[in-house]
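Novice: show me the folded form of this:
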Amino acid sequence: MKQIGILTGGGDAPGLNAVIRAAVKTANNVYGWKVLGIKNGFEGLLNPGGVIPLTPETVRGILPRGGTILGAANRGNPFARRLMRDGVEVIEDGSDDVVERIKNLGLDALVVVGGDGTLHISRELFEKGCPIVGVPKTIDNDIGGTEITFGFDTAVSMATEAIDRLHTTAESHHRVMVLELMGRNAGFITLQAGLAGGADVILIPEIPFQYKSIFAKIRQREGQGRHFSIVAVSEGAQPIGEQQVFQLASDGIRAGRLGGIGQIVADTIGEACGVEARLTILGYLQRGGSPTTFDRWLATRYGAAAVRLVAKQGYGRMVALQGGKVVDISLKEALKQPRQVDLNGDAITTARGLGICLGDE
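Specialist: Below is the predicted model:
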């Protein structure tokens, strides 16, 4: 084995550069391998100039940087590649080209860092014969088989700081402040930040909510002389019996991105409870900036472990954290069931014990 590649797919997350750095330094220092960086996800394997050499010198100083020096692409599925042909957009399967490109580059293995979508692509490419090792990445923390993904801790820290800052304005102006946070199908960010920041209402995708429970909580606080409340809501949360809320494009057609439930919650609370309710959407602030110490530590361990897994030829597998130890599991196992908040777990029990409204009681 002489040369490996590494790419970062999907959305960016704090800690990606730490993974790249650890992988490059471990490959070079321990095994004497060369490393090629694939730019902009799998697209770099299909476009000219999409591959660059990575050395310990080129990754120097990137440990504390957010984002990824290789770029990322959350729409770069080689099995359904969007191309323009004679002015018309067409979808083509370019996976065979990816397989051929990996061979032509002389890559003995490819380390793929990504979330659910990227790892699904990785598994399909592995089944086509590509020597792939996966590294789990998502701020939502919803990949199965691992206790935590890097990027999550940074996102929770940012969300908690936002709740802390909203408290002062909410209390000063006697308002209900609604904070919409990322979390499509898993509410880990909202739950943990809500607990850490002292939110009064926490709404997550795993627990469909009813407005009457939220109203009751706000009125209870009013009756106790607390003329403000903090509501933390995941973008994927929805009322009982209703669908998730998606953003609309300029032509009124539903876009593919979740968003809007926070405004609906704020408007409904304001009208029903006769209070001022204001919305803050934290958005991409959760994904940006320098990674926390924990995320740097975890990402570094993952990057080094991925290279060691390559050395064992553990292809079709993903590094993971279980019981505080970095292990490896099959991509099939990792993708079998997305991770969600345990409704019988300690965090939910703690929230209920603190009197936090989760919208279902």
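
Novice: how's this protein carved up into domains?
Specialist: 3-150+289-322, 155-286+343-353 (automatic domain parsing).

Novice: how about stretch 284-304: buried residues?
Specialist: 286-287, 289-292, 294-296, 298-304 (16 or more other CB atoms under 10 Å). (C-beta placed from N, C-alpha, C; glycine too.)

Novice: just the C-alphas of that stretch, formatted as PDB.
Specialist: C-alpha atoms of stretch 284-304 as PDB (Å, rounded to 0.1, in the frame of the first residue of the first chain):
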ATOM      1  CA  TYR A 284     -25.600  28.000   9.900                       C
ATOM      2  CA  LEU A 285     -24.000  29.600  13.000                       C
ATOM      3  CA  GLN A 286     -24.300  26.200  14.600                       C
ATOM      4  CA  ARG A 287     -22.000  24.700  11.900                       C
ATOM      5  CA  GLY A 288     -19.400  27.400  11.600                       C
ATOM      6  CA  GLY A 289     -16.400  28.600  13.600                       C
ATOM      7  CA  SER A 290     -13.600  26.900  15.400                       C
ATOM      8  CA  PRO A 291     -14.400  23.400  16.800                       C
ATOM      9  CA  THR A 292     -14.500  22.900  20.600                       C
ATOM     10  CA  THR A 293     -11.800  21.000  22.400                       C
ATOM     11  CA  PHE A 294     -13.900  17.900  22.500                       C
ATOM     12  CA  ASP A 295     -14.600  18.000  18.800                       C
ATOM     13  CA  ARG A 296     -11.000  18.500  18.000                       C
ATOM     14  CA  TRP A 297     -10.100  15.600  20.300                       C
ATOM     15  CA  LEU A 298     -12.700  13.200  18.800                       C
ATOM     16  CA  ALA A 299     -12.100  14.200  15.200                       C
ATOM     17  CA  THR A 300      -8.300  13.600  15.700                       C
ATOM     18  CA  ARG A 301      -9.000  10.200  17.100                       C
ATOM     19  CA  TYR A 302     -11.300   9.300  14.200                       C
ATOM     20  CA  GLY A 303      -8.900  10.500  11.600                       C
ATOM     21  CA  ALA A 304      -6.000   8.500  13.000                       C
END
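
Novice: who are the contact partners of residue 335?
Specialist: 116, 119, 120, 123, 144 (CB atoms under 8 Å, 6 or more residues apart in numbering).

Novice: could you rerun that using 7 Å?
Specialist: By CB atoms under 7 Å, 6 or more residues apart in numbering, the residues touching residue 335 are 119, 120, 123, 144.

Novice: neighbour-wise, give me the winner out of those.
Specialist: Most neighbours among the contacts of residue 335, by other CB atoms under 10 Å: residue 119, with 26 neighbours.

Novice: out of the contacts of residue 335, which sit inside helices?
Specialist: 119, 120, 123 (DSSP state H).

Novice: check what contacts whichever strand or helix holds residue 297 and list those residues.
Specialist: Per DSSP states H and E: residue 297 is located in helix 293-311. With contact meaning CB under 7 Å, 6+ apart, helix 293-311 is reached by 4, 14-15, 18-23, 26-27, 31, 63, 109, 111, 133, 135, 148, 150-151, 153-154, 291, 317, 319, 321, 326, 328.

Novice: weed out the non-buried ones from the residues you listed.
Specialist: Neighbour-count burial (16+ other CB under 10 Å) applied to those gives 4, 14-15, 18-23, 26-27, 63, 109, 111, 133, 135, 148, 150-151, 153-154, 291, 317, 319, 321, 326, 328.

Novice: that older thread, of the domains of the chain, which stretch is the most buried?
Specialist: domain 3-150+289-322 (a mean of 20; mean count of other CB atoms under 10 Å).

Novice: I figured residue 183 hits residue 205, correct?
Specialist: Yes - the criterion here is CB atoms under 7 Å, and residue 183 meets it with residue 205 at 6.4 Å.

Novice: quickly list what's touching both of the two.
Specialist: With CB under 7 Å, 6+ apart, residue 183 and residue 205 have common neighbours 234, 236.

Novice: could you pull up the residues touching residue 333?
Specialist: Here residue 333 is in contact with residue 145 (CB under 7 Å, 6+ apart).

Novice: please identify the helix or strand for it.
Specialist: helix 331-336.
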